[in-house]
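Trainee: 3D model of this:
(one chain, ligands or ions: 2)
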Amino acid sequence: MSSATGTFSLQQPLNYRAGARVQPADGGHSEEVHEPATGRVIGKFLCSGEKEIDLAVQSAKAAFKIWSQKSGMERSRVLLEAARIIRACFFWISEEQRDEIAKMETINNGKSIFEARVDVDISWQSLEYYAGLAGSLAGQHIQLPGGCFAYTRREPLGVCVGIGAWNYPFQIACWKSAPALACGNAMIYKPSPLTPISAVMLAEIFSKAGVPKGLFNVVQGGAATGQFLCHHPDVAKVSFTGSVPTGIKIMEMSAKGVKPVTLELGGKSPLIIFSDCVLENAVKGALMANFLTQGEVCCNGTRVFVQREILDTFTKEVVKRTQKIKIGDPLLEDTRMGALISQPHLERVQGFIKQAKEQGAKVLCGGNLYVPDDPKLKNGYYMQPCVLGNCRDDMTCVKEEIFGPVMSILPFDTEEEAVERANNTPFGLAGGVFTRDIQRAHRVVAALQAGMCFINNYNISPVELPFGGYKMSGFGRENGKAAMEYYSQLKTVCVEMGDVESVF
Ligand SMILES: NC(=O)C1=CN([C@@H]2O[C@H](COP(=O)(O)OP(=O)(O)OC[C@H]3O[C@@H](n4cnc5c(N)ncnc54)[C@H](O)[C@@H]3O)[C@@H](O)[C@H]2O)C=CC1
Ligand SMILES: NCCCC(=O)O
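Mentor: Ligands and ions are numbered 1, 2, ... in the order given. Down below sits the predicted model:
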């Protein structure tokens, strides 16, 4: 079997401003774009400078004037059309076009085409969901004495900035832009410099769907470009997905301009497996919690606490299935684990495994580099998914976010102990529990200090559900109705129906 892996090269500019792909007006250094599956350089782009950021902001401000005056239903129709265009890529047009977005995501990120398709589905569902909410964005009427009254208006914020990570490039761009645009805002989006491609595709789709020119702009670059965005005086809000250290910097920069922020940061989430679980589901859940997108998922349940009675059976089954995961060319239909995002990241993950061994953990399977047979893939960033046993809570692999395919198994005896250990982390993004005991399931998730909890499943992402963290995993919410609050502000209008009674 062969695939298109190893054939793509970037031809078009990756910035998008005022309704067109453009080269940035100024810039610092240029960045290479890699194809993780082969390690090939597929192109380069110039990181946007201060002048380009200002042009993008001015263009977004002009579009905001038009878009914010539209009714919710008018905005809804445009978002629905954008969702339809993306779906059409999947279902109604030729095979070539059908897979276009997912293919680009796979080429640029390294994840399997199978998963990339799911990501793109979740992305158009997000646009569809917020299209549905746009028309019902409304305030309140409040009766006051003497026939006076007040009402509230839910208004957009203005030009919002979205800064994204590299693990779900298209999906993160949609999760931020869909509620932002539904509320009447404009957005400037900066993807990770490692995955610059698919956000521009989204910009083109928005234009085709009928958003005003400049409503959704894309600027490319790394930290410096992100800083220009956060410091720009005409930016009203920053929504960030990425690591905790960068999240702290974003908050500091935004604080200077008193700009609201949404922070979707990292995690080290617990998954608690009780001995009364349906073992088959718990094993599947543990794999879902650890190995999607090569383990590069913020809400992964990487600390797998297993009740001692079933530790051996559970571990044996998890190891058996992990060894069967098909690694390799991510564009092949039957591949379930592609390449990690970059060579430095692969080395970092390998470093965590080495350190885990030094600290006494036992590699139960995987953990080594993987070299596919296909010669074109020999420089790709592959590794075998890894399960670690003999783990303790004080080990680095159990305390720190690895962001790779590494599961740590930790035995426990009692519910109380499991909950206490699960919460013993500065992170609080997600958590999960597998048990047949319905009361215990709800008791445990109520006690977990985490923003997104799963009972008897893990890592599903329906767009209707608010998603976000507790503690150092951030604040604010994406998805669900909740996100609308983070992209709008409340104005109160107090109406006098009589004469003014002055105290002077
Ligand atoms: N909670 C969530 O929803 C998610 C969280 N993450 C977290 O993201 C991390 C991995 O993603 P990375 O891209 O490596 O994170 P990162 O923090 O290095 O970069 C994220 C984004 O911030 C930009 N950036 C970096 N320094 C900046 C600065 N000083 N000012 C402004 N922008 C700056 C980057 O260019 C990139 O676009 C992991 O910790 C992961 O857990 C990833 C996906 C989802
Ligand atoms: N579909 C899961 C998204 C989580 C993340 O962005 O890492």
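Trainee: what stretches of the stretch 1-150 of the chain score poorly on pLDDT?
Mentor: For the stretch 1-150 of the chain, residues meeting the criterion pLDDT under 70 lie at 1-2, 89-98.
Trainee: What segments of it are helices?
Mentor: For the stretch 1-150 of the chain, the helices defined by DSSP state H, counting those that start in this stretch occupy 50-67, 72-91, 95-98, 100-109, 113-134.
Trainee: Any chance of TSV for those, columns mean neighbour count and distance to Cys391?
Mentor: From N, CA and C alone the C-beta is placed, and that goes for glycine too. Below are these laid out as TSV (neighbours: other C-beta atoms under 10 Å; distance: least, C-beta to C-beta, whole Å):
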stretch	mean neighbour count	distance to Cys391
helix 50-67	20	45
helix 72-91	18	41
helix 95-98	11	43
helix 100-109	26	29
helix 113-134	22	27
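Trainee: Kindly reformat those as CSV containing distance to ligand 2.
Mentor: Output for the helices of the stretch 1-150 of the chain, formatted as CSV (distance: least, C-beta to the nearest ligand atom, whole Å):
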stretch, distance to ligand 2
helix 50-67, 24
helix 72-91, 16
helix 95-98, 21
helix 100-109, 12
helix 113-134, 6
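Trainee: how about those in JSON lines, adding distance to Thr225?
Mentor: As requested, the helices of the stretch 1-150 of the chain are arranged in JSON lines below (distance: least, C-beta to C-beta, whole Å):
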{"stretch": "helix 50-67", "distance to Thr225": "7"}
{"stretch": "helix 72-91", "distance to Thr225": "25"}
{"stretch": "helix 95-98", "distance to Thr225": "31"}
{"stretch": "helix 100-109", "distance to Thr225": "18"}
{"stretch": "helix 113-134", "distance to Thr225": "23"}
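Trainee: show me what contacts Glu478?
Mentor: By C-beta atoms under 8 Å, 6 or more residues apart in numbering, the contact set of Glu478 is Trp175, Lys176, Pro179, Ser239, Thr262, Glu264, Pro466, Phe467, Gly468.
Trainee: now do 10 Å
Mentor: 126, 172, 174-176, 178-179, 239, 241, 262, 264, 463, 465-468, 486 (C-beta atoms under 10 Å, 6 or more residues apart in numbering).
Trainee: Filter those residues to keep only those in contact with ligand 1.
Mentor: Contacts with ligand 1 are made by Thr241, Glu264 out of the contacts of Glu478, judged by C-beta under 6 Å from any ligand atom.
Trainee: What parts of this protein come near ligand 2?
Mentor: Asn167, Tyr168, Ile172, Val297, Cys298, Cys299, Ser461.
Trainee: In strands, which of the residues you listed appear?
Mentor: Taking DSSP state E, every one of the residues of the chain next to ligand 2 sits outside strands.
Trainee: how about the nearest residue to the closest residue to ligand 1 within the stretch 1-150 of the chain, chain neighbours excluded?
Mentor: As assessed by C-beta to the nearest ligand atom, ligand 1 sits closest to Cys47 within the stretch 1-150 of the chain, at 9.3 Å. Using C-beta to C-beta, 6 or more residues apart in numbering and skipping residues adjacent in sequence, the residue nearest Cys47 is Gly221, 3.4 Å away.
Trainee: tell me the secondary structure for the one you found?
Mentor: What DSSP: H, G, I helix; E, B strand; the rest coil gives for Gly221 is coil.
Trainee: Give me the neighbour count for it.
Mentor: 29 (other C-beta atoms under 10 Å).
Trainee: Can we start the residue count at 56 from this point?
Mentor: I'll keep to 56 as the first residue from here, and by that count the last item is Gly276.
Trainee: Report pLDDT for the residue of the stretch 256-405 of the chain found nearest ligand 2.
Mentor: Per C-beta to the nearest ligand atom, Cys353 is where the stretch 256-405 of the chain lies closest to ligand 2, at 3.7 Å. On pLDDT, Cys353 comes in at 98.
Trainee: now Arg495: how far from ligand 1?
Mentor: Distance, Arg495 to ligand 1, by C-beta to the nearest ligand atom, to the nearest Å: 27 Å.
Trainee: can you pull the contacts of that residue?
Mentor: Contacts of Arg495 by C-beta under 10 Å, 6+ apart are Ile327, Phe329, Asp331, Glu470, Val488, Ile510.
Trainee: redo that, cut-off 7 Å
Mentor: By C-beta atoms under 7 Å, 6 or more residues apart in numbering, the contact set of Arg495 is Phe329, Glu470.
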